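Colleague: Take a look and give me a structure for this.
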Amino acid sequence: MNGEDGDAFFKGVSIANGFVVFTLNDKESTEIKIPFYSETELTVHVTEPGTLKSLLTDEQMRTVLSLKVIGNINDDDIQTIDASMLVVEKVDLSETDITALPDGAFCGGALLYGKQTLKHIILPETCVSVGSKVFYGCRNLQTIIAPSTYAGDFNIGTPYKLQHIIITTLDEEYGSVYKISTVASNVEFSRRTKRLKGPQASLYGITCDSLYIPNTVTTFEGAIFYKSAIKHIVFEKNTNIKSLEYSTSNGVRYGFMSGSAIEEFEIPSSVERIETNAFNSCKSLKKIIIPADSKLTYMASEISVSTGYHGCFSSCDNLATIISYRRVPPPCYKETF
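Modeller: The predicted structure follows:
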């Protein structure tokens, strides 16, 4: 558009802070601002696997920050999210039917460059496995919500670590994360979880600063924390766990948390028994806390060389402090340590 003297009516057009800015060709360089709208949240229903890209406009692929996909998807659709959603930060796949994530799903496949914009992802409970290096190089990834049935690699690459993983449960009862590998600041089980179970070392692949267990969990089945790299465990108030158990394999007992990286442990008030080998050889353990309302009546003190039975705190070389806020401390013997 030209002015009366034939000169250009506009000096320029730009986009800034959510506005299209037209700069007039006058002495004052007058600016006219018009609000600019683009979709930042989008829900897409996919009925035919592999067609997600055809359901998106170029503008959506350039501007959408939060994407929810519902329906039937496959690896091609995952590749679309990785390669074509240029600024997406949150991806919700909870209502899809995908059963596995392929190797390198969100890091350019074999290129391993990592999707830098990705911050939050929710994975579907229909999925039972995650390939290798799925999130490798996703240095800004903060939160993963995933079912406990997953087997796979949730690491994002050294020196980075996830801030938060929430583990849901497929059958609304058991939480078992035997084959998950990750380094994270915080891991928590969802409130749907009632029991944590698995073979010994079922949490072996998880390295985290803190693990949160809701009070919906009432039972630990097996030595699920055996040799785990978890530094702290936080129990929600009013937990109902009665016993810290062990697993037996070929006549050998593996303690609830033996050989783990735990540094400090507050025994839940509801716990009545700490069984054989529970904290055996926890070399980083420095402090045990027994709360004032503790129901603890038994701390294992049996020793048997042939069967590998040890007191519940045996070989905890750096355990220097046990604080009991209970007026009458629970009974224990030298063999307990």
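
Colleague: and stretch 67-86, how far from the chain's centre?
Modeller: 21 Å (Cα atoms, centre = their mean, to the nearest Å).

Colleague: Can I get that stretch as CSV, trimmed to CA atoms?
Modeller: Provided in CSV are the C-alpha atoms of stretch 67-86 (Å, rounded to 0.1, in the frame of the first residue of the first chain):
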residue,chain,number,x,y,z
LEU,A,67,-0.1,-31.5,22.3
LYS,A,68,-2.5,-34.2,23.4
VAL,A,69,-3.0,-37.2,21.0
ILE,A,70,-6.0,-39.5,21.3
GLY,A,71,-6.5,-42.7,19.4
ASN,A,72,-4.5,-45.1,17.4
ILE,A,73,-0.8,-44.2,16.7
ASN,A,74,2.4,-45.9,15.7
ASP,A,75,6.1,-45.2,15.4
ASP,A,76,5.6,-42.8,12.4
ASP,A,77,3.4,-40.6,14.6
ILE,A,78,6.0,-40.6,17.3
GLN,A,79,8.5,-39.5,14.7
THR,A,80,6.1,-36.7,13.7
ILE,A,81,6.1,-35.4,17.2
ASP,A,82,9.8,-35.6,17.5
ALA,A,83,10.8,-34.1,14.1
SER,A,84,7.8,-31.8,13.1
MET,A,85,6.4,-30.3,16.3
LEU,A,86,9.1,-27.6,16.5
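
Colleague: Give the rounded mean pLDDT of it.
Modeller: Taken as a whole, stretch 67-86 has a mean pLDDT of 95.

Colleague: Just the buried residues of it, please?
Modeller: For stretch 67-86, the neighbour count (16 or more other Cβ atoms under 10 Å) marks 67-75, 77-82, 85 as buried. For the C-beta atoms, the positions are set from N, CA and C on the backbone; glycine is no exception.

Colleague: quick one: which of those residues is nearest residue 23?
Modeller: residue 85 (32.0 Å; Cβ to Cβ).

Colleague: can you give me the strands in the stretch 201-337 of the chain?
Modeller: 206-213, 219-221, 229-235, 243-244, 246-249, 252-255, 264-266, 273-274, 287-290, 298-299, 321-324 (DSSP state E, counting those that start in this stretch).

Colleague: related to what we said a few turns ago, in helices, which of the buried residues of stretch 67-86 appear?
Modeller: 75, 77-82 (DSSP state H).

Colleague: Let me have these in TSV, extended by distance to residue 31.
Modeller: Shown next, in TSV, are those (distance: Cβ to Cβ, whole Å):
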residue	distance to residue 31
75	47
77	42
78	43
79	42
80	38
81	37
82	38
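
Colleague: Could you identify the helix or strand that succeeds the helix or strand of the chain with the lowest mean pLDDT?
Modeller: When each helix and strand of the chain is scored by mean pLDDT, DSSP states H and E, strand 174-175 comes last, with a mean of 46. Along the chain past strand 174-175, the next helix or strand (assigned with DSSP states H and E) turns out to be strand 179-189.

Colleague: for that next one, the distance to its chain's centre please.
Modeller: The answer for strand 179-189 is 5 Å, by Cα atoms, centre = their mean.

Colleague: so how far is the helix or strand that comes right after that strand from its chain's centroid?
Modeller: Once the chain leaves strand 179-189, the next helix or strand it forms, by DSSP H and E, is strand 195-197. Relative to the chain's own centre, strand 195-197 is displaced by 17 Å; criterion: Cα atoms, centre = their mean.

Colleague: cool, and stretch 281-297?
Modeller: The answer for stretch 281-297 is 26 Å, by Cα atoms, centre = their mean.
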